[in-house]
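Asks: this one's structure only:
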């Protein structure tokens, strides 16, 4: 690496998180969700670590994501959570992927595909209203899938507000149990929040995404299990200058320096996932101390005001993670940005190499 900007992913933390969650939700199995390149952490390394730690299955959002895992040599069960177009049916047999089905058209395409001999997972919409079979259409859909001869390996739903609305989540569980009143090898409904907060949602397996990366979906889950954030983001100082009070660094000249200050440049910007909206309020760690972003975050570089601190070219800068006794978290970024930690880690771009600790 020439540019000293990288994300470090602690695979040991991934394993410990899987183990900690598995201990809480047992006997429900852990299905590790590694879609979106493992929430930005790297899908194949995370998948391997999760399986080694006791996860029994993997889940992705796209057929292409499942193929990536197969090409990486992963041979465990992989569930594709989103139904693709019917012309993607041959890929499920070729790559031994488990399809999610919620339309008769896709069910028919799988049934007519000679290369597909596996089971399917049916999805019923109990209140998320994104995808899934509407409850009113469930019986007819179920009859059609059975008539086509498809093996129903699993049935599942998706929680909409498990991290914030207990009553609605309980209503989703009750609706699921009302309609899924037949024998099926696998049922599942819980995400990280659902599995930790609702014991009755821990069915044959639980789809654990955010939690395996060491992030909590809400404050209510923190007392239940200890998690370790797996990702940290670091770079190094690339330029140092002394600027007088009143100077307005960067594009737009928006924020004047309060006093004379050393201003350093770091080689990371919004194209890497260090959001432009962190121009005001964003901070980094240098030498174990917090320092504010000075001016607008640019595409490739960012300036930081360090006051009179003795900072030199090459000094380590931590954007997310620990340095000395100080820490900056993805949750802190999310609070500043008015978003969620999921989006923060997923936004760390491909220009930021991932380094893995085992």
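Replies: Looks like it arrived, so ask away. Quick caveat: nothing in here was measured; it's all calculated off a predicted structure. Residues are numbered from 1 along each chain as shown.

Asks: list the contacts for the residue nearest to the spatial centre of the chain?
Replies: Against the mean C-alpha coordinate of the chain, by CA atoms, centre = their mean, the closest residue is residue 39 at 3.0 Å. When contacts are counted by CB atoms under 8 Å, 6 or more residues apart in numbering, residue 39 touches 33, 209, 210, 213, 342, 345, 346. Bear in mind the C-beta positions are built from the backbone N, C-alpha and C, glycine included.

Asks: one more pass at 10 Å, please.
Replies: 33, 46, 209-210, 212-213, 215, 230-231, 341-346, 348 (CB atoms under 10 Å, 6 or more residues apart in numbering).

Asks: and for the residue nearest to residue 258 when sequence neighbours are not counted, the neighbour number?
Replies: Closest residue to residue 258 apart from its sequence neighbours, by CB to CB, 6 or more residues apart in numbering: residue 245 at 6.5 Å. Neighbours of residue 245 under the rule other CB atoms under 10 Å: 10.

Asks: these two touch, right, residue 264 and residue 317?
Replies: Yes. The pair residue 264 / residue 317 is scored as a contact, 8.0 Å apart, by CB atoms under 10 Å.

Asks: mind listing the shared neighbours of the two?
Replies: In contact with both residue 264 and residue 317: 236, 237, 238, 284, 286, 291, 302, 304, 311, using CB under 10 Å, 6+ apart.

Asks: what distance do you get for the closest residue in space to the first one that isn't next to it in sequence to residue 277?
Replies: Which is residue 236. Sequence neighbours aside, residue 4 is the residue nearest to residue 236 in space, at 4.2 Å (criterion: CB to CB, 6+ apart). Residue 4 sits 24 Å away from residue 277, taking CB to CB, to the nearest Å as the criterion.

Asks: in a helix, the residue nearest to residue 258, correct?
Replies: No. Using DSSP: H, G, I helix; E, B strand; the rest coil, the assignment for residue 245 is coil, not a helix.

Asks: now, which of the contacts of residue 39 lie within strands?
Replies: Members of the contacts of residue 39 lying in strands (criterion: DSSP state E): 33, 231.

Asks: who wins on neighbours among the contacts of residue 39?
Replies: The most crowded member of these is residue 212, carrying 32 neighbours; neighbours defined as other CB under 10 Å.

Asks: right, and it touches residue 9 too?
Replies: No. If you go by CB under 10 Å, residue 212 and residue 9 don't touch, sitting 11.7 Å apart.

Asks: need the overlap of contacts for the two.
Replies: Counting by CB under 10 Å, 6+ apart, the contacts common to residue 212 and residue 9 are 38, 41, 46, 49, 230.

Asks: show me how far the host helix or strand of the fourth one is from its chain's centre.
Replies: I take that to be residue 49. Residue 49 is part of helix 43-52, with elements assigned from DSSP states H and E. On the basis of CA atoms, centre = their mean, to the nearest Å, helix 43-52 sits 14 Å off its chain's mean C-alpha point.

Asks: now the element after that helix, going C-ward?
Replies: Counting by DSSP H and E, the next helix or strand C-terminal to helix 43-52 is strand 57-60.

Asks: turn the shared contacts of residue 212 and residue 9 into CSV, including distance to residue 271 and pLDDT.
Replies: Conversion of those to CSV gives the following (distance: CB to CB, whole Å; pLDDT from 0 to 100):
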residue, distance to residue 271, pLDDT
38, 21, 98
41, 19, 98
46, 23, 98
49, 28, 98
230, 23, 98
